[in-house]
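S.K.: Kindly return the folded structure for what I paste below:
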Amino acid sequence: MSYEEKGTWLYLVIAIAGVTVYSAFVFPAVAGGTPVDDIDYVPIMLWTIGGAIVASIVARILIEIVFPSESTKGDVRDREIDRLGERVGGSFVVIGALAALVLAMLEMHWFWIANAVYLCFVLSAVLSSITKLVAYRKGVPTW
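M.R.: Numbering: from 1, shown residues only. Below is the predicted model:
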């Protein structure tokens, strides 16, 4: 498995773990009927995002210690796969920005705006990673 593919797997797992941890803390309150004004989601979101960044760095180092890659330089195929995955992921960043814009125009509570943006960031990471992993297995499509 290439250096880039290992990183993609880590990115996928950590993105899913991060949103799972965040959801476990925040959404029981929402489901329980707590008003969104009373939900202290900001520290949880910031800790989750920061934790994901630290976990990515530490996990990448540990993976390379335990399962060293022959090279950390990507080749042409890695760059094409990365470009394809980032195009797919980038579309969800745009969707998140549009969702935030619409929610702000509707004067929704900032809880919903922040969570819509966060959800789209996570969807971007997950779908970008899945696209890259499929491309590593099946090849880059020639459209």
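
S.K.: Helices of the protein, residue ranges please.
M.R.: 3-31, 41-66, 76-105, 110-138 (DSSP state H).

S.K.: would CSV of those helices with mean pLDDT and mean neighbour count be doable?
M.R.: Using the backbone N, CA and C atoms, a C-beta is placed for each residue, glycine as well. Putting these into CSV (pLDDT from 0 to 100; neighbours: other CB atoms under 10 Å) gives the following:
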stretch, mean pLDDT, mean neighbour count
helix 3-31, 94, 17
helix 41-66, 95, 14
helix 76-105, 94, 15
helix 110-138, 95, 18
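
S.K.: start to end distance for stretch 31-50?
M.R.: 25 Å (CA to CA, to the nearest Å).

S.K.: what separates that stretch from the chain centre, distance-wise?
M.R.: On the basis of CA atoms, centre = their mean, to the nearest Å, stretch 31-50 is displaced by 18 Å from the centre of the chain it belongs to.
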